[in-house]
Structures are given as structure tokens and as C-alpha cells.
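Asks: predicted model follows, preceded by the sequence.
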Amino acid sequence: MASETLTIIDNRTGKQYEIPVKNGAIKATDLFQIKVTEDDGIVSYDPGFMNTASCQSKITYVDGDRGMLRYRGYPIEQIAEKSSYLETAYLILYGELPNKSQLEDWTHNITFHSIIHENIKKLIDGFHHDAHPMGILLSTVGALSTFYPEAKKIFDVKSPYRHSLGLPYSYPDNDLSYPGNFLNMLFKMTELKYKPHPVLERALDVLFILHADHEQNCSTNAMRGVGSSQVDPYSAVAAAAAALYGPLHGGANEAVLRMLMEIGSKNNVPEFIKKVKGGEGRLMGFGHRVYKNYDPRAKIIKDVADQVFEVTGRNPLLDIALDLERIALSDDYFIKRKLYPNVDFYSGLIYQSMGLPMDMFPVLFAIPRTSGWIAQWEEMLTDPDQKLARPKQVYLGAQKRDYVPMEKRS
Ligand SMILES: CC(C)(COP(=O)(O)OP(=O)(O)OC[C@H]1O[C@@H](n2cnc3c(N)ncnc32)[C@H](O)[C@@H]1OP(=O)(O)O)[C@@H](O)C(=O)NCCC(=O)NCCS
């Protein structure tokens, strides 16, 4: 008997099955031989993918118990300290750090391809002035597929902010870095040349690095699931952005700020914690499906926050956040459930201090995550094991019955 197997005894029939174990996983399709009916085999039932690997990946490694995150093997702490977002995006997409000329070419290519078709601006103009920027983003990215139909050949391989303020769109400035240019496109007014503050520019770069990828999270799963139909990448990114928009995922940074404002003062923190423990809402920015320890990104973000606040002044909501963290980390409810601050707990405070409105926060998550989505999408397309994503269900509904005419219904 091979040792890398699992022996399953079906106690209903007494039959014994030998299931191979590879890389710590069994194939769910191997369970099919264990019959439930003559036609149907057993399935594994796992809402929310609590213990189901949907793919094999070489991109990002997360060890939730140890609070560890690595991109292509490199610890996030080293990347956040030494790298830039564009270099990180290259690493995530191509698997290795670029050499000098590769990085120069990559940076040049991205910098000189930042102008979009003018008609996209008309599309953005069509949105109501107070439309949520995330809604604008995902619709616009989806629309890009119609502007670049060649993107359908998949095997060939900022404006919402200004719109909401009624400002003219600002064109990219190719002399600036990627995060510097992003700040330019948000904040440039009448000056001839926008000069980003170096501390804020670096802070944004680090925040982009920390958000670049995070293995099989909800939006990446949407990217892979939708991409598995072989749709163009713009449409798949629009689906991923839609998944990111929700408050349990990338919308959490916005939700944290709203929560801090609702709490209003340090004095109200104990009462708020009591309500959360009583089941009235959640402590946003706390808890994670994978991290059962301090999210390593939250630690780095806390340092970035200190640097940003030295330039912008201390965000008054910080004291409430620090108090929430202090109380929650010493409270049995949170300790028992292993609930620690996640990446979203402090990022919103930084964005707010940099002058960004709350509803832009998920957009600031989506922009850097696009490199991760694309890397995961490409890995999925080139993986011979992957197929159209189409989960099974456990059907519990009515058995066959005949249509009832209206006059006979009660
Ligand atoms: C991220 C999140 C969705 C993960 O959820 P999950 O893995 O499905 O965990 P569950 O929802 O099953 O929670 C497990 C337990 O912890 C509690 N819990 C989880 N997150 C909590 C939070 N933020 N505040 C209060 N209680 C929380 C649940 O109520 C549950 O308690 P119970 O066992 O008594 O029912 C969840 O922690 C959450 O909603 N956090 C707030 C939103 C957020 O910050 N999201 C950003 C993630 S990066």
C-alpha cells in the first residue's frame, strides 16, 4: 500500500477506498468513486471555500497562524522596506526580481502607456457627481474591454475622484514615479508641474506594495472564476473589482473609517466593544479568514502612518483606533477567536490624512491589486489542470412535481 494515500472506509457499504495525497491535498474528484446513488458520487461540501484549494499557485504564500506573507518567496517586510510598487508588480507577474535594464524597460513601458482613450472620460462624465468611485471604477474597467477588443485574444499574450469634485481630469506626468503620478492625477490644480511630497509618495508606494497580492482571496477567486470562461482580462478585472467592493473584503478600509467616526471619541470605545461582543455589528478592520495572528501588513502600515502623520498632522481618529486595538487585543472575546487588526485597520486613516475621501479607499486597494489579479489570471490560464470554474451543489429542493394551474393554487 502506497504511504502517500488516504484510506477511506464507507461505513454505509463497508467498501474501502485508496485516495492519493499530493502536496497535502486530495483531489475532490477522487471522492466521486464513493457512490451516493448509482449515478452520483460523494462531493465535498464547503461553502466559502473554508478548506478547499481551488488552484495550485506559485505567487503568494500566506501563513495565517504565524502572521507571515511572502511574494514569490520574499518576505513582505523586506519588500516593503526595499522595493517599489512597480518592481513588486514585476516580481509578482514574472516570478523573479527584475535586473536593472528589465526594471528600466518595465517602468518606461508602464509610464508611457498611462493615457487612456478620450471617450473613457465621457463615460465617466455620465456618472452622477456623487456616484461611488468604486462603482465608477468597475464599470469603466469593464468598458475598457470594448475600447481594446484585441484584449479578447487572451492567449496572445483616477478619474472618479476629479469627477466627483467637478475638476478637469489631470493628464499623467511621465517625469513622475508611479505613486507620484497617481498623486499628480488626483491633486494637481493650476500649477505647471505637480511635485508630490516625498514622504507621501513613498507611503503610497508602500501601501501599493502591501496590497499587490494576497493569494486566493475573494476578489482573486472572482478573477480566476470569471477568467476561467476565457473572457477578456478587462471584464475579469471588473468582476474582481466588484468582489473587492464589499465591506467584508476591500470595502473594509472605508467601513473602518465610518466606524471610527461613528464611535466619535475614546470614551465611547468600551461601549462600542460591548455592542460588538453582543453581536451588534463587527469591529471592522479586525479578523481575517487566514490570519489568526497579527496581519504582517498591519504592522508595516502602522509605521507608515507615523511617517505620514508627521507631514499631515495626526489624524484625530487615530486615538480611537489605538484604543480599540488596545482593548480588543486584551479582551477574551477577540483573543479566543484570534481576531487581530488586519491591513484595513490603519490604511484608511492614512488615506484620509493624505486628503482622500473615504469612498476612494477601495479604489486605492483595487489599483495595486490589479497586478496580483493579472498574475493569478495568467497562472490560471496556463495551468493545464484548470478548467471552467463550475462548482457543484448539494441539492435540497423539491423533487419532481407537476405544474399547478393558477386557479388550483392556494
Ligand atoms: C474578515 C472576516 C470576513 C473573516 O470572517 P470568517 O473567516 O468567515 O470568520 P467568521 O465570520 O466565521 O467569524 C468567526 C467568529 O469571530 C467573530 N468575528 C469575526 N470577525 C469579527 C469582527 N471583525 N468583529 C467581531 N467579531 C468578529 C464572528 O462573529 C464569529 O464569532 P462566533 O464564532 O461566536 O460566531 C471577518 O473577520 C470580518 O467580518 N471582519 C471585519 C471586516 C474586515 O475587516 N474585513 C477585511 C478583511 S482583510
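Replies: In hand now; what should we look at?
Asks: when you work out contacts or count neighbours from here on, use the C-alpha atoms and nothing else.
Replies: Will do.
Asks: and the helix or strand of the chain with the lowest mean pLDDT, what other elements does it pack with?
Replies: Here the helix or strand of the chain ranked lowest by mean pLDDT, DSSP states H and E is helix 159-165, holding a mean of 76. The contact analysis (3 or more CA pairs under 8 Å, 6 or more residues apart in numbering; DSSP states H and E) places helix 159-165 against helix 118-125, helix 133-147, helix 178-187.
Asks: just put these in JSON lines and tack on mean pLDDT.
Replies: As requested, those are arranged in JSON lines below (pLDDT from 0 to 100):
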{"stretch": "helix 118-125", "mean pLDDT": "88"}
{"stretch": "helix 133-147", "mean pLDDT": "89"}
{"stretch": "helix 178-187", "mean pLDDT": "93"}
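Asks: of the ones you listed, which is nearest the ligand?
Replies: helix 133-147 (16.3 Å; CA to the nearest ligand atom).
Asks: got the CA positions of that closest one in CSV?
Replies: Below are the C-alpha coordinates for helix 133-147, written out as CSV (Å, rounded to 0.1, in the frame of the first residue of the first chain):
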residue,chain,number,x,y,z
PRO,A,133,-15.8,55.8,-7.1
MET,A,134,-15.7,52.0,-6.8
GLY,A,135,-18.9,51.7,-8.9
ILE,A,136,-17.3,54.0,-11.5
LEU,A,137,-14.0,52.0,-11.5
LEU,A,138,-15.6,48.6,-12.1
SER,A,139,-17.9,49.9,-14.8
THR,A,140,-15.1,51.8,-16.5
VAL,A,141,-12.7,48.8,-16.4
GLY,A,142,-15.4,46.6,-17.8
ALA,A,143,-16.0,49.2,-20.6
LEU,A,144,-12.2,49.2,-21.4
SER,A,145,-12.8,45.7,-23.0
THR,A,146,-14.9,47.5,-25.7
PHE,A,147,-12.1,50.0,-26.3
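Asks: roughly how far is that helix from the heart of the chain?
Replies: 17 Å (CA atoms, centre = their mean, to the nearest Å).
Asks: so that it lines up with my notes, have the first residue be 28 from now on.
Replies: Sounds good: first residue 28 from here, last item helix 160-174.
Asks: re the thing from before, convert the C-alpha atoms of the least confident helix or strand of the chain to CSV, please.
Replies: The C-alpha coordinates for helix 186-192 follow below in CSV (Å, rounded to 0.1, in the frame of the first residue of the first chain):
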residue,chain,number,x,y,z
SER,A,186,-10.6,60.0,-12.9
PRO,A,187,-13.6,59.3,-10.5
TYR,A,188,-12.1,61.5,-7.8
ARG,A,189,-11.8,64.6,-10.0
HIS,A,190,-15.2,63.8,-11.5
SER,A,191,-16.8,63.9,-8.0
LEU,A,192,-15.2,67.3,-7.4
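Asks: buried sites along it?
Replies: Ser186, Pro187, Tyr188, Arg189, His190, Ser191 (16 or more other CA atoms under 10 Å).
Asks: I'd assumed Ile163 was in contact with the second one.
Replies: It stands for Pro187. Yes: using CA atoms under 8 Å, Pro187 is in contact with Ile163, at 6.5 Å.
Asks: mutual contacts of these two, please.
Replies: The contact sets of Pro187 and Ile163 overlap at Ile151 (CA atoms under 8 Å, 6 or more residues apart in numbering).
Asks: assumed Ala425 was part of a strand.
Replies: No: secondary structure of Ala425 (DSSP: H, G, I helix; E, B strand; the rest coil): coil, not part of a strand.
Asks: which non-adjacent residue is nearest Asn201?
Replies: Thr138 (5.7 Å; CA to CA, 6 or more residues apart in numbering).
Asks: do the same with Gly277
Replies: Nearest one to Gly277, counting by CA to CA, 6+ apart, is Leu271 at 4.7 Å.
Asks: so who does the one you found touch?
Replies: Cys245, Ser246, Gly277, Gly278, Pro389, Ala393.
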